[in-house]
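Participant: build me a structure from this.
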Amino acid sequence: MGFFDKLFGKRDKEKEKESLNEGLQKTKENFFSKVTNAIAGKSTVDEEVLDNLEEALVGADVGIETTVKIIERVEQRVARDKYINTSELNKILQEEIKDTLVDAPGGNNYDFHSDLPKKPYIILVVGVNGVGKTTTIGKLAYNFKQAGKSVLLGAADTFRAAAVDQLTIWSERTGVEIVKQAMGSDPAAVAFDTASSAVSRGSDVVLIDTAGRLHNKLHLMDELSKIRRVIQKVIPDAPHEVLLVLDGSTGQNALEQAKQFTAATDVTALAITKLDGTAKGGVVLAIANQFKIPVKFIGVGEKMEDLLVFDKHEFVDSLFNLEKS
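Facilitator: The predicted structure follows:
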């Protein structure tokens, strides 16, 4: 049995790597071509090469702050290792980019099959409307259920009928239970009912959807705080994770959303969606570095299997590999 577990685990890993390479193709073509052009024809790493590299990183939506940090670290390496040439620059650049990414608790070996630290494990999912928040919840539910865990959904985005309907469809598609109330109900009441139901059912994982409105940051903060308080009446140390979902295709706008939500609540992890349809995947680096919050999941397609556990080593290696799967 152990042999087959390892065999099928390896196959899954290879499939995930293939999905990652395919999903990042547009970003890879944009990012890697700019980096290649920045150092083309140069035999040494001089100021011109570093300037061109800086321009390439900014152009790939890595962001000013993160780009400056990467360039400074590359400069330090070049100054320390006097005979570095541009043929070695890619390797140095990959290493420094990886170092800007924050590791999730437990490192890059997260697995849906792993034992959860708490039961029920409450995940509060936040993010603006349209970023793929509800779809991400559905994909998470699918992955957790495939790993043999019992999952419960909470439809606490009660301000949009479409949000409740969409989550209901995902509950049906994935075969997991959902707690919901009528549109316009108090979101905190839904969250309370969901937590209570999770305890009585003995659920392993609870995914609670929340409203994605940013027009009034104070109201958002109050609402999320209220949801936290009512959940804690049932499970004192919950939520155990606050997952912020961002749309990678919006580039620097995703940074602004991250700024708003991290100010409103204690975000513990990130899920970045829609990376398959954009050349702006460099924003993953900018967000993770600027907010010092680990990226836990990335979305690289429409299928339920296309939500991948983020591995910074595989992500950066894929950016520098233009070979198509």
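
Participant: which ones are touching M183?
Facilitator: Listed by C-beta atoms under 8 Å, 6 or more residues apart in numbering, the contact set of M183 reads T158, F159, R160, A161, V164. Using the backbone N, CA and C atoms, a C-beta is placed for each residue, glycine as well.

Participant: which non-adjacent residue is nearest I272?
Facilitator: G248 (4.6 Å; C-beta to C-beta, 6 or more residues apart in numbering).

Participant: ok, now which ones touch the one you found?
Facilitator: Residues in contact with G248 (C-beta under 8 Å, 6+ apart) are A254, I272, T273, K274, L275, T278, K280, G281, V283, V284, I298, G299.

Participant: still on that earlier bit, name only those of the contacts of M183 that count as buried.
Facilitator: Neighbour counting by 16 or more other C-beta atoms under 10 Å classes T158, F159, V164 among the contacts of M183 as buried.

Participant: looking at pLDDT only, which of those residues scores worst?
Facilitator: Across the buried ones among the contacts of M183, the smallest pLDDT goes to F159, namely 84.

Participant: is it true that that one touches A211?
Facilitator: Yes - using C-beta atoms under 8 Å, F159 is in contact with A211, at 4.9 Å.

Participant: find residues that contact each of these two.
Facilitator: Shared contacts of F159 and A211 (C-beta under 8 Å, 6+ apart): P187.

Participant: for this protein, what spans make up the strands?
Facilitator: Using DSSP state E, the strands of the chain run over residues 121-126, 151-155, 177-179, 205-209, 241-247, 269-273, 295-299, 307-309.

Participant: low-scoring pLDDT stretches of the stretch 201-325 of the chain, where are they?
Facilitator: Where the stretch 201-325 of the chain drops to pLDDT under 70, the residues are 213-218, 322-325.

Participant: please repeat the previous calculation with a cut-off of 50.
Facilitator: Across the stretch 201-325 of the chain, residues meeting the criterion (pLDDT under 50) sit at 324-325.

Participant: can you give me the helices for it?
Facilitator: Per DSSP state H, counting those that start in this stretch, the stretch 201-325 of the chain carries helices over the ranges 217-234, 252-264, 283-291, 312-319.

Participant: can you say which of the ones you listed is packed in most?
Facilitator: Highest mean neighbour count of those: helix 283-291, a mean of 24 (counted as mean count of other C-beta atoms under 10 Å).

Participant: what does that one contact?
Facilitator: With C-beta under 8 Å, 6+ apart, helix 283-291 has contacts from 61-63, 65-66, 69, 97, 100-102, 246, 248, 250-252, 254-255, 258-259, 262, 267, 270, 272, 275, 293-295, 298, 315.

Participant: so which of the contacts of G248 is the most crowded?
Facilitator: Each of those was scored for neighbours by other C-beta atoms under 10 Å, and G281 scores highest at 30 neighbours.

Participant: from F32, how far off is the nearest residue to L93 once chain neighbours are set aside?
Facilitator: Excluding its sequence neighbours, the residue lying closest to L93 (C-beta to C-beta, 6+ apart) is V74, at 6.4 Å. To F32, V74 is 16 Å away according to C-beta to C-beta, to the nearest Å.

Participant: neighbour-wise, which of the two wins?
Facilitator: When V74 and F32 are compared for neighbours, V74 comes out ahead with 22 against 18, by other C-beta under 10 Å.

Participant: quick one, what contacts that one?
Facilitator: Residues near V74 by C-beta under 8 Å, 6+ apart: V45, L50, L53, L89, I92, L93, E96.

Participant: ok, the residues you listed vs L24, which is closest?
Facilitator: L93 (16.4 Å; C-beta to C-beta).

Participant: ranges for the helices of the stretch 1-150 of the chain?
Facilitator: With DSSP H, counting those that start in this stretch applied, the stretch 1-150 of the chain shows helices at 2-23, 25-39, 47-59, 64-80, 89-100, 133-146, listed in chain order.

Participant: ranking the ones you listed by burial, who's on top?
Facilitator: For the helices of the stretch 1-150 of the chain, the largest average neighbour count (mean count of other C-beta under 10 Å) is found in helix 133-146, namely a mean of 23.

Participant: average pLDDT across that helix?
Facilitator: Taken as a whole, helix 133-146 has an average pLDDT of 94.

Participant: now stretch 46-64
Facilitator: For stretch 46-64, mean pLDDT is 86.

Participant: likewise for stretch 101-109?
Facilitator: Rounded mean pLDDT across stretch 101-109 is 66.

Participant: how does the chain divide up, domain by domain?
Facilitator: Under automatic domain parsing, the residue ranges defining each domain of the chain are 2-100, 121-311.

Participant: ok so, going back, nearest to E14, out of the helices of the stretch 201-325 of the chain?
Facilitator: Nearest to E14, of all the helices of the stretch 201-325 of the chain, is helix 312-319, at 11.4 Å by C-beta to C-beta.

Participant: quick one, that closest one and helix 25-39 angle?
Facilitator: Helix 312-319 and helix 25-39 are oriented at 70 degrees to each other (axes from the mean of the first three to the mean of the last three C-alpha atoms, to 10 degrees).
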